[in-house]
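# please work out how this folds:
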Amino acid sequence: MQLTYWQPSIPDEYVRSSAEDLGARITRRRQELAHRLLILGHHYQTDEVIQHADFTGDSLKLSQLAAEAVTERGAEYVVFCGVHFMAESADLLGPEGTVVILPDLSAGCSMADMADYEDALDAWETLHEELRAQGSDARIVPVTYVNSSAAIKAFVGMHGGACCTSSNASAVFEWALAGGAEPAGPGEEIKLLFLPDQHLGRNTAAAHGIDVAKRTALYDPKLVRQGKHLGGMSERQLVDARVILWAGHCSVHKLFRPEHCDELRVSDPQRTILVHPECCKEVVDRADLAGSTEFIIRTIENAEPGSKWAVGTEVHLVNRIAKRAASRGVDVKILSDCQCLCTTMYRIDQAHLCWVLDNLAKGKVVNQVSVHPEARKHALTALGRMLDLPAGVAGVKG
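The predicted structure is shown next:
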């Protein structure tokens, strides 16, 4: 059910063209395709790509905006300048017949790739078997971050769970621990399996009042393949856990370290630290505020002139926020000087965007992303359960 993608080499003419020439060609193609085309740009894209986007935002917001805009405009093509799972979400939520295109099929998400469908099935069976062997009749409710494949969303949907975003993770946690799609019976024990980002899961559990040192356990599918039972956790840890965390992480946010916060407290104590909850708990604990990408953007937009901020998220987004904030006298810099960029997102460039638009202008669709009908049904169930919940808070701290 989980798909793999392969990106062919594009013609040399695109690689050799200057940024200015590519930008002008893209603009002409957009004008030519007019209402038939919608371009989405994720926050982590470079400015060269973002300049061509009809909408910018995070993954789910963009997919929802695209679905509305396609209906309003009668658009035929949605070009998603993001990564695999984002294009899949756009395909899931878009009107029937909409063609979703990813400019470079090699633009994956390492976090999403850390949760494989077959591994999830194996974990589901193993965890339940071990709980029964330990005399526990606890029921597990799965939750997946939207930064996951359609196959994982389908797995969650099939097993009574839901998706979540970094904005509404707390609300989805509460729903899941109450039994999820099947409310818990009197005295029934519920455990939550959170995929694929252990850090968002751990931070949300902590914000929910769960003792993460004693009541969470980490399941690592890589350790299973090395012969370690229960993915490295002990039987006792599984029985005690309220939340089982999948051993996945964001390659960008893992680069922010506790020492970055500690050093800043000494060198620039007046600077407020604001981070994304995909950062490890040690970073979130040291930060002043933590929340989703939209929370970060709104917080800086509403910051008082003269205030100083250190932001822990992807560098292109931070630079864009900092530039806008500087015009209001707000000083924003990235929390770490390391190059904290999403390397797979960076594969989307003007050359590949121009290539897919040139093909569309000739009546040819390249790089279409389409979710299998069986996966679609169950993935939409998981998304629907999330969207049916009351709106959640934007942050896990603050």
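
# residue ranges for the strands of this protein, please.
Assigned by DSSP state E, the chain shows strands spanning 37-42, 55-57, 77-81, 99-101, 139-145, 162-164, 190-195, 216-219, 243-246, 272-275, 289-291, 308-312, 331-334, 395-397.

# could those be laid out in a markdown table, adding mean pLDDT?
Rendered in a markdown table, the data for those read as follows (pLDDT from 0 to 100):
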| stretch | mean pLDDT |
| --- | --- |
| strand 37-42 | 95 |
| strand 55-57 | 90 |
| strand 77-81 | 96 |
| strand 99-101 | 96 |
| strand 139-145 | 98 |
| strand 162-164 | 97 |
| strand 190-195 | 98 |
| strand 216-219 | 98 |
| strand 243-246 | 98 |
| strand 272-275 | 98 |
| strand 289-291 | 97 |
| strand 308-312 | 98 |
| strand 331-334 | 97 |
| strand 395-397 | 56 |
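
# number of residues surrounding Pro258?
For Pro258, the count of nearby residues is 16 (other C-beta atoms under 10 Å). To be clear about C-beta, it is placed using only N, CA and C from the backbone, and glycine gets the same treatment.

# right, I mislabeled it, should have said Arg139
Arg139 is surrounded by 17 other residues when neighbours are defined as other C-beta under 10 Å.

# partner residues bridging it?
On the basis of DSSP bridges, Arg139 is bridged to Ile190.

# report the contact partners of it.
Residues counted as contacts of Arg139 (C-beta atoms under 8 Å, 6 or more residues apart in numbering) are 179, 184, 188-191.

# mind doing that once more with 10 Å?
By C-beta atoms under 10 Å, 6 or more residues apart in numbering, Arg139 lies in contact with 128, 131, 160, 179-180, 182, 184-185, 188-191.

# now the strands of the chain as JSON lines including distance to Arg298?
Formatted as JSON lines, the strands of the chain follow (distance: least, C-beta to C-beta, whole Å):
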{"stretch": "strand 37-42", "distance to Arg298": "17"}
{"stretch": "strand 55-57", "distance to Arg298": "12"}
{"stretch": "strand 77-81", "distance to Arg298": "22"}
{"stretch": "strand 99-101", "distance to Arg298": "28"}
{"stretch": "strand 139-145", "distance to Arg298": "21"}
{"stretch": "strand 162-164", "distance to Arg298": "19"}
{"stretch": "strand 190-195", "distance to Arg298": "25"}
{"stretch": "strand 216-219", "distance to Arg298": "29"}
{"stretch": "strand 243-246", "distance to Arg298": "28"}
{"stretch": "strand 272-275", "distance to Arg298": "11"}
{"stretch": "strand 289-291", "distance to Arg298": "9"}
{"stretch": "strand 308-312", "distance to Arg298": "13"}
{"stretch": "strand 331-334", "distance to Arg298": "13"}
{"stretch": "strand 395-397", "distance to Arg298": "10"}
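
# quick one: closest of those strands to Phe256.
With distances scored as C-beta to C-beta, the stretch of the strands of the chain nearest to Phe256 is strand 308-312 (4.4 Å).

# for the residue sitting furthest away from the middle of the chain, grab phi and psi.
The outermost residue of the chain relative to its centre, with distances by C-alpha atoms, centre = their mean, is Gly135 at 36.1 Å. Backbone torsions of Gly135, given as degrees, to the nearest 10, read phi 80, psi 20.

# residues touching it, list them.
The neighbours of Gly135, taking C-beta under 10 Å, 6+ apart as the test, are Val239.

# around the spatially closest residue to Ala310 that is not a sequence neighbour, how many other residues sit close by?
Nearest residue to Ala310, sequence neighbours excluded (C-beta to C-beta, 6 or more residues apart in numbering): Leu335, at 4.6 Å. Residue crowding around Leu335 was assessed by other C-beta under 10 Å; the count is 26.

# my guess is Leu335 contacts Val252. True?
No: proximity of Leu335 to Val252 does not meet the contact threshold set by C-beta atoms under 10 Å, at 11.7 Å.

# to Arg376, which of the strands of the chain lies closest?
In terms of C-beta to C-beta, the element of those nearest to Arg376 is strand 99-101, at 12.3 Å.

# for that closest one, what is the distance to the chain centroid?
A distance of 19 Å separates the centroid of the chain from that of strand 99-101, by C-alpha atoms, centre = their mean, to the nearest Å.

# try stretch 68-86
For stretch 68-86, the distance to the chain centre is 17 Å (C-alpha atoms, centre = their mean).

# can you give me the end-to-end span of it?
Stretch 68-86 has its terminal residues 16 Å apart, counting by C-alpha to C-alpha, to the nearest Å.

# list the buried ones in stretch 170-190?
170-173, 175-177, 180, 190 (16 or more other C-beta atoms under 10 Å).

# for the closest residue to Lys254 other than its chain neighbours, give me its contacts.
In space, not counting the residues next to it along the chain, Lys254 is nearest to Cys280; the distance is 6.8 Å by C-beta to C-beta, 6+ apart. Applying C-beta under 10 Å, 6+ apart, we find Cys280 in contact with 198-199, 202-203, 249, 253-254, 256-258.

# could you pull up phi and psi at Cys280?
According to degrees, to the nearest 10, the main-chain angles of Cys280 amount to phi -70, psi 160.

# do Asn147 as well
Dihedral angles of Asn147 (phi, psi; degrees, to the nearest 10) stand at phi -80, psi 60.

# correct me, but Leu102 touches Tyr77?
No: in this structure, Leu102 is not within contact of Tyr77 by C-beta under 10 Å, at 11.9 Å.

# identify the contacts common to the two.
When contacts are counted by C-beta under 10 Å, 6+ apart, Leu102 and Tyr77 are jointly contacted by 356, 368.

# of the two, give the one with the bigger neighbour count.
Set side by side, Leu102 and Tyr77 show unequal neighbour counts under other C-beta under 10 Å, the larger going to Leu102 at 29 against 19.

# which pLDDT value belongs to the more buried one?
Looking at Leu102, its pLDDT reads 97.

# quick one: it and Ser251, what's the gap?
Distance of Leu102 to Ser251, given as C-beta to C-beta, to the nearest Å: 19 Å.

# again, but for Asp288
The value you get for Asp288 to Ser251, if C-beta to C-beta is used, is 24 Å.

# one more: Asn168?
Using C-beta to C-beta, one obtains 23 Å as the distance from Asn168 to Ser251.
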